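A.B. asks: Predicted model and sequence follow; I will ask about them next.
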2 protein chains.
Amino acid sequence: MPPFFIINQSDKNTSARTGVLHTDHGDILTPCFIPVGTYGAVKTQSSKEISDLPSSILLSNTYHLYLRPGTEVLEKVGGLHSFMNWQGAILTDSGGFQIFSLEGYRKVTDDGVTFRSHLDGSEHHFTPEKIMDIQRIIGSDFMMMLDVCPSGDADHQTLVDALSTTTNWAKRCMKQFKETKSLYGHKQVLIPVVQGGTDKKLRKQSTEELCELEADAYAIGGLAVGESKSEMLETVEWMDEFLPKNKPRYLMGVGTPSDLVRNVARGVDMFDCVMPTRNARNGQLFTFNGKMNIRNAKYKSDFSFIDENGISPMSESYSKAYLHHLFKTEEILGYRIATEHNLRFYIYLMKTMQDEIQNGNFETWAKEFIMQYSNDEMSILC
Amino acid sequence: MPPFFIINQSDKNTSARTGVLHTDHGDILTPCFIPVGTYGAVKTQSSKEISDLPSSILLSNTYHLYLRPGTEVLEKVGGLHSFMNWQGAILTDSGGFQIFSLEGYRKVTDDGVTFRSHLDGSEHHFTPEKIMDIQRIIGSDFMMMLDVCPSGDADHQTLVDALSTTTNWAKRCMKQFKETKSLYGHKQVLIPVVQGGTDKKLRKQSTEELCELEADAYAIGGLAVGESKSEMLETVEWMDEFLPKNKPRYLMGVGTPSDLVRNVARGVDMFDCVMPTRNARNGQLFTFNGKMNIRNAKYKSDFSFIDENGISPMSESYSKAYLHHLFKTEEILGYRIATEHNLRFYIYLMKTMQDEIQNGNFETWAKEFIMQYSNDEMSILC
């Protein structure tokens, strides 16, 4: 059996590296971006379209799948891969972030978290053990441990308490994970989530406690929750220092194209974010020349192609004016075109970074990209 | 230049026939079904997906296109084919039916019709001549004449007046059509719309008056507007008697799969209807075993494929349970899967009828289809 993670090339000037994640549902080249399919479907896209992307992995949300279609259906059909006819890899979050970020009632105790469904108000209780069982039923290739994720403006004591609970739950997750087996015969990997907000000492403590579990990969949680961009970047730098070099690092819920470049430079291997899909449905497209709001009146008679850089078949088939028209008339095809474009732009960006790291040119390329791309963001790489 | 319409095979037992419509955007085998793309996009589908259908034609709505994107944009880009990157044929309605069926202010005079936009309440005036000019700008292969379409419960005098105005406007349409030219170099065909409700004498009169124009094809309007099914079928039978045999007949806005079969038996060559696309978005799928409402709870754990009859790639990739889940969670992918299925079912049904007419087996096949399909509709063919 090949090792789970291999680093192919480490950049000399930054912490960027290329590698491969081996899963029973295919190899994933890193650094990688993971499209989000909350309910087992990436918005507007078929599983075939997603599998046409070079990076065959998607993220689905445990909390949402637990509510709909529910574990009974997922167990009967043999897991999410089978349910959605998907041959690639799947990463599921733990549901923790969803519960902590959705409005409404929730109560955290040492045992777990009690919350009300955002659909019908029904009460549910998640424990670390239950989250393992649900992800066993989903059959995700990458399972996440249940963690407590405080908001970006949480006070010190809240961060301390969240860290303590997270470590305690992580131990219980690992115990339950080791005492259970994959239900459908493929390998599942369990990932703990480092917390500690933007406090260096707490980040170090959280990392040390979770590294004792000897997990195959580590996630950086508790960022992109309201802290400043420079705080986020500084925190990821600390994580680069604290986390084992030979294991993949997954920065959860990040981010803009520039964020991806900056955090690859800081040693991150895996990303997920709703931005390419969600922004697409609002008419915002990502291009190598920056963002484009296709609803803008200036596109009404702009008959040039949406993007001529080979990003997506649809972007090279339709004009900006046509896409503008589809958004004005709220045609579903418009959301499809924009989503396909943005996802492919993100995947293309990751592929470009892989190539530039491999060629030893990453730092130069990254600075240029950020200069060109981020006229409305701070133009720093490191 | 080949003749515009050729009849290949006439059925011995019914008025059904197969044929070919020659257009500068490809040949269309008849009887044919024309998918509706109101704003220059068939809901949820790309133009590539529609062009993959064996019948490469779609309908778009003049009234809607006139409002958005507007004739200025369409003229600049060189017509709708270019705007939506569509190589197949296009039929546009006249806008008349839209104006008469939308709620709100409208006033018909001999000159034309004044109405308010359903978008912003702005006032507009359509004349027969203007409708010709707009369809010249759209560049549709099949242009429709402006007509007055009364509702199914209109009294006799209303039908008489509508007929009279329709004939008058038809003459003006033909005059304007002859005095203008295609803007983009391809042939356009102009189709008058026979009115007269379900009154045999009026239908005869309308047909005779419009046949004097020697158009290339004739449309049957004023049906599927609230009359009973048997009234509709009887009226189409009269039309079969009155209309020239050697010209294509287009039954506007019809209908269910059984309607298509029954009206093909009555000599109709062309159909359009929003039913396959609209019903798809409500979760209703058409199959050879009848209708299926995928929202029904019985599909929650039904992991069999949506349809195994080779109708559509997606219907053979995803289970009923997955599609049920996508509708429950309002995922756009669900609307796409159902729409692709229904459109392909309709096209497959037309192809089947073409084959059965060609084989001399149409009547037997049609009776069986209606028996099997229409457990909730009257099981008559002729």
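C.D. replies: Yep, it's here. Numbers count the residues shown, from 1 in each chain, chains lettered A, B, ... in the order given.

A.B. asks: Can you name the residue of the stretch 151-300 of chain A nearest to chain B?
C.D. replies: residue A:300 (6.4 Å; Cβ to the nearest Cβ). Every residue, glycine included, has its C-beta placed from N, CA and C.

A.B. asks: so how many other residues sit close to that residue?
C.D. replies: The tally of other residues near residue A:300 (other Cβ atoms under 10 Å in any protein chain shown) stands at 16.

A.B. asks: cool, residue A:198 as well?
C.D. replies: 19.

A.B. asks: Mind pulling up the pLDDT for it?
C.D. replies: At residue A:198, the model reports a pLDDT of 95.

A.B. asks: Would you mark the buried spots in the lengthiest helix in chain A?
C.D. replies: Taking DSSP state H as the criterion, chain A has its longest helix at helix A:332-358. Across helix A:332-358, burial judged by 16 or more other Cβ atoms under 10 Å in any protein chain shown covers A:332-354, A:356-357.

A.B. asks: For the residue of the stretch 151-300 of chain A closest to chain B, give its distance to residue B:147.
C.D. replies: Distance of residue A:300 to residue B:147, given as Cβ to Cβ, to the nearest Å: 32 Å.

A.B. asks: about what we covered before: tell me, which of the buried residues of helix A:332-358 make contact with chain B?
C.D. replies: A:332-337 (Cβ under 8 Å from any Cβ of the partner chain).

A.B. asks: if I read this right, residue A:50 contacts residue A:60, doesn't it?
C.D. replies: No. Using Cβ atoms under 8 Å, residue A:50 makes no contact with residue A:60, being 11.7 Å away.

A.B. asks: Need the residues touching each of the two.
C.D. replies: Contact criterion Cβ atoms under 8 Å, 6 or more residues apart in numbering or on different chains; residues shared by residue A:50 and residue A:60: residue A:37.

A.B. asks: Show me where the stretch 251-382 of chain A has its helices.
C.D. replies: A:257-264, A:275-281, A:320-328, A:332-358, A:362-373 (DSSP state H, counting those that start in this stretch).

A.B. asks: hey, C-alpha coordinates of the third one in CSV?
C.D. replies: What follows is helix A:320-328, C-alpha atoms only, in CSV (Å, rounded to 0.1, in the frame of the first residue of the first chain):
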residue,chain,number,x,y,z
LYS,A,320,-20.2,38.4,-21.3
ALA,A,321,-23.4,40.0,-22.7
TYR,A,322,-25.2,36.7,-22.8
LEU,A,323,-24.2,35.8,-19.3
HIS,A,324,-25.2,39.3,-18.1
HIS,A,325,-28.6,38.7,-19.8
LEU,A,326,-29.0,35.3,-18.1
PHE,A,327,-28.4,36.8,-14.7
LYS,A,328,-30.8,39.7,-15.4
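
A.B. asks: what's stretch A:253-265 in contact with?
C.D. replies: Stretch A:253-265 is contacted by residues A:11, A:14-16, A:31, A:33, A:97, A:223-225, A:229, A:232-233, A:236, A:251, A:271-273, A:275, A:286, A:345-346, A:349-350, A:353, A:357, A:362-363, A:366, A:369-370, A:373-374, A:377, A:380-382 when judged by Cβ under 8 Å, 6+ apart.

A.B. asks: List buried members of the residues you listed by neighbour count.
C.D. replies: A:11, A:14-16, A:31, A:33, A:97, A:223-225, A:229, A:232-233, A:236, A:251, A:271-273, A:275, A:286, A:345-346, A:349-350, A:353, A:357, A:362-363, A:366, A:369-370, A:373-374, A:381.

A.B. asks: distance of the residue lying closest to residue A:42 once chain neighbours are set aside from residue B:365?
C.D. replies: Spatially, and ignoring its direct neighbours in sequence, residue A:42 is nearest to residue A:35 (4.9 Å; Cβ to Cβ, 6 or more residues apart in numbering or on different chains). Using Cβ to Cβ, residue A:35 is found at 46 Å from residue B:365.

A.B. asks: who's more crowded, these two?
C.D. replies: Neighbours around residue A:35 and residue B:365, counted as other Cβ under 10 Å, are more numerous at residue A:35. The numbers are 23 against 16.

A.B. asks: who are the neighbours in contact with that one?
C.D. replies: Per Cβ under 8 Å, 6+ apart, neighbours of residue A:35: A:42, A:45, A:50, A:53, A:58-59, A:272, A:276-277, A:343, A:346.

A.B. asks: Apply 6 Å and report the result again.
C.D. replies: Shown in contact with residue A:35 (Cβ atoms under 6 Å, 6 or more residues apart in numbering or on different chains): A:42, A:58, A:343.

A.B. asks: Out of those, which is nearest to chain B?
C.D. replies: residue A:42 (8.1 Å).

A.B. asks: Quick check: the gap between the residue nearest to residue A:325 when sequence neighbours are not counted and residue A:300.
C.D. replies: In space, and not counting its chain neighbours, residue A:325 is closest to residue B:69: 4.6 Å by Cβ to Cβ, 6+ apart. Distance, residue B:69 to residue A:300, by Cβ to Cβ: 7 Å.

A.B. asks: again with residue A:56
C.D. replies: 38 Å.

A.B. asks: repeat for residue A:320
C.D. replies: For residue A:320, the distance to residue A:300 - Cβ to Cβ - is 9 Å.

A.B. asks: Equivalent analysis for residue A:41, please.
C.D. replies: 32 Å.

A.B. asks: now swap in residue A:76 and tell me
C.D. replies: According to Cβ to Cβ, residue A:76 and residue A:300 sit 50 Å apart.

A.B. asks: What ranges does the stretch 1-150 of chain A have for its helices?
C.D. replies: Using DSSP H, counting those that start in this stretch, the helices of the stretch 1-150 of chain A run over A:47-51, A:62-67, A:71-77, A:80-83, A:96-101, A:128-138.

A.B. asks: mean pLDDT for those helices: which is lowest?
C.D. replies: For these, where the average pLDDT is lowest is helix A:96-101, sitting at a mean of 84.

A.B. asks: Now for the nearest residue to residue A:57 once chain neighbours are set aside, how many residues are close by?
C.D. replies: Once flanking residues are discounted, residue A:57 sits nearest to residue A:89: 4.2 Å by Cβ to Cβ, 6+ apart. Residues lying near residue A:89 (other Cβ under 10 Å) number 26.
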